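1. here is my input; please provide its structure:
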Amino acid sequence: QVQLVESGGGLVQAGGSLRLSCAASGRTFGSYIMGWFRQAPGEEREFVARISWGGTLYYADSVKGRFTISRDNAKNTVLLQMNSLKPEDTAVYYCAASARAGSRPYEYDYWGQGTQVTVSS
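-> The predicted structure follows:
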């Protein structure tokens, strides 16, 4: 069982930066692939980035070069550094854990409650 709690969302102007944090509970955190997803109003939840237990990274094309995912297995945390933010990045951002690699929401077993990110133009 893994419990996830996101923090770090907020309001930022276009071009600005935010860092999201996901705190995980559970002794097996290091064995999970950790991902970030986002969901804008009226839209489906979409993949943003994931990181494996060994540090293998994968990003959605829409955020590649602007967002960086990282993890600290000793501290049970996952970070999402978001730079050069755009209004279209506005969404609720969710942290998720998966026992297998994937970019689809159904492939993830545990979810946080989400944190709102709003980028103004």
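
2. any idea how far the residue sitting nearest the centre point of the chain lies from residue 121?
-> For the chain, the residue nearest the mean C-alpha position is residue 36 (2.3 Å; C-alpha atoms, centre = their mean). Distance of residue 36 to residue 121, given as C-beta to C-beta, to the nearest Å: 23 Å. (Glycine included, C-beta is placed from N, CA and C.)

3. now do residue 33
-> Here the distance between residue 33 and residue 121 works out to 34 Å (C-beta to C-beta).

4. same drill for those two, tell me which one is more crowded.
-> Taking neighbours as other C-beta atoms under 10 Å, residue 33 and residue 121 compare with residue 33 leading, 21 against 9.

5. you'd agree the more buried one is up against residue 55?
-> No. Contact status for residue 33 versus residue 55: not in contact, 10.9 Å apart, counting by C-beta atoms under 8 Å.

6. so where is the chain shaky, pLDDT-wise?
-> Low-confidence regions of the chain, defined by pLDDT under 70, span residues 27.

7. mind listing the strands for the protein?
-> Along the chain, counting by DSSP state E, strands occupy 3-7, 10-13, 18-25, 33-39, 46-51, 57-59, 67-72, 77-82, 91-98, 110-111, 115-120.
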